[in-house]
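S.K.: test case, fold it:
(chains A and B)
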Amino acid sequence: KDEARKMLTDADIAHNMAGIRKVFEKFLSFGNGPTDAVMVNNADWLDKLQYIDFLRDYGRHFSVNRMLTFESVKLRLEREQPLSFLEFNYMILQAYDFLELARRHGCTIQMGGSDQWGNILNGVELGRRVDNRELFALTTPLVTLASGAKMGKSAQGAVWLNADKLSPWDYWQFWRNTEDADVGRFLRLFTELPLDEIAKLEALKDAEINEAKKVLANEAARLLHGDAAAQESAETARRTFEEGGTADNLPTVTVPGAELSAGIPAYALFVRAGLATSNGEARRLIKGGGGKVNDAAIGENDAIGTAHLRDGAIKLTAGKKRHVLIRAA
RNA sequence: GGAGGGGUGGCCGAGCGGUCAAUGGCAGCAGACUGUAAAUCUGCCCUCUUCGGAGUUCGUAGGUUCAAAUCCUACCCCCUCCA
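M.R.: This next block holds a predicted model:
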């Protein structure tokens, strides 16, 4: 990270921990068994640190000369951006965390993105110097797209693993929209399919590669959100994109029946649906031909109401991929 | 503490009294082309709008001026060097 971290309150931290645990629960089992995962809070040991003792016992093992050579630090200095002492200490604390984890839980390997390489090695070295422990680091390259961009940007922003940040449907869509050139690699990285099967999928050419993308979306969504959610998303996608119809499971926003009877201007409805963040944006979207009601162009000021209900819902579309159903509450 | 440089829209970065809601690039959104792909081209990209305009922006607060992102003062914050 090369930008200042935000200070978090205790409540923020507790909230974040709960969120992190919820995500990891999908992939790990927490418990007391020999192979179960344990979630710990480094405040358990960091809060008790005595400054002078810490400096004397651990601080002496860190050379500022060396810390200044770290990429994250160098970047900040080169750009003449601020780097507080608090942040400068982050790598020391991370190293100490590794040591504490080794002492308390017999943890011997730390994994992370390649940007963590230096930080993790600091811990490895600290373990050797202080406890004569042998610790290990394992890092993976940050995943980039074939086009060179960093992965993780979707139409709505970041790709979140929490369902309340990014719905299973949007998560499925994210994978479905993978670039051709990334499909094989992503199947290997993000699914548990056998490699020979992936090789076959990857060999698909042109429009056929879409089948591979569906498999990728299904598998990735299944791992995170479960079978049911994955299948539902696949079915919703099939009906929406392949049949051009209206699937019941598209994201839905409800509006009080009375308001709908009275009629709501189209631009306002797009804002309500979350398809635009301001009235002006909604207007521009519709004017530019990117906003549709029940798959048909409309005027941005047209009143949308009960007359537009089809099977109990009004389908709003922004662009080709974002659809929202409006239902009366 | 002293000297110098600087804080501009999500980010980078021009502007340095009026023609500035503010060049350009990136990111984002939409249209065309397609395969829910990429690349490319086009449009949009502060808020509101009865589409004529209106209102709020250029660290914060004051001031000068007919007019300020641009000048002055104070304050806050950042960077560099000196102590």
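
S.K.: tell me where chain A has strands.
M.R.: A:109-113, A:136-140, A:153-154, A:157-158, A:252-255, A:264-265, A:291-293, A:296-297, A:303-304, A:314-318, A:322-328 (DSSP state E).

S.K.: roughly how far apart are A:Ser84 and A:Lys213?
M.R.: 44 Å (C-beta to C-beta, to the nearest Å). All C-beta spots, glycine's among them, are computed from the backbone N, C-alpha and C.

S.K.: returning to what we had before: and the strands of chain A: which comes nearest A:Ala217?
M.R.: For the strands of chain A, proximity to A:Ala217 was assessed by C-beta to C-beta; strand A:153-154 is nearest, at 12.5 Å.

S.K.: against A:Gln94, how distant is the nearest residue to A:Ile109 once chain neighbours are set aside?
M.R.: Among residues not flanking A:Ile109 along the chain, A:Phe136 sits closest, at 4.3 Å (C-beta to C-beta, 6 or more residues apart in numbering). Plainly put, A:Phe136 is 15 Å away from A:Gln94 if you go by C-beta to C-beta.

S.K.: same drill for these two, tell me which one is more crowded.
M.R.: A:Gln94 (19 against 13; other C-beta atoms under 10 Å).

S.K.: ok, now which ones touch that one?
M.R.: By C-beta atoms under 8 Å, 6 or more residues apart in numbering, the contact set of A:Gln94 is A:Asn119, A:Ile120, A:Asn122, A:Gly123.

S.K.: which one of those residues has the most neighbours?
M.R.: Most surrounded of those: other C-beta under 10 Å gives A:Gly123, at 26 neighbours.

S.K.: could you count how many residues lie near the nearest residue to A:Lys165 once chain neighbours are set aside?
M.R.: Nearest residue to A:Lys165, sequence neighbours excluded (C-beta to C-beta, 6+ apart): A:Ala158, at 7.9 Å. Using other C-beta under 10 Å, A:Ala158 has 9 neighbouring residues.

S.K.: from A:Phe62, how far out is the nearest residue to A:Leu77 once chain neighbours are set aside?
M.R.: Nearest non-adjacent residue to A:Leu77, counting by C-beta to C-beta, 6+ apart: A:Leu83, 6.9 Å away. From A:Leu83 across to A:Phe62, the span is 16 Å (C-beta to C-beta).

S.K.: these two: who's more crowded?
M.R.: A:Phe62 (19 against 15).

S.K.: so the more buried one is in contact with A:Asn122, correct?
M.R.: Yes: taking contact to mean C-beta atoms under 8 Å, the distance of 7.3 Å between A:Phe62 and A:Asn122 places them in contact.

S.K.: shared neighbours of these two, which are they?
M.R.: In contact with both A:Phe62 and A:Asn122: A:Ile92, A:Ala95, using C-beta under 8 Å, 6+ apart.

S.K.: could you check how far A:Leu135 is from A:Gly127?
M.R.: In terms of C-beta to C-beta, A:Leu135 sits 4 Å off from A:Gly127.

S.K.: which residues do those two both contact?
M.R.: In contact with both A:Leu135 and A:Gly127: A:Phe98, A:Leu99, A:Ala102, using C-beta under 8 Å, 6+ apart.

S.K.: thank you, goodbye.
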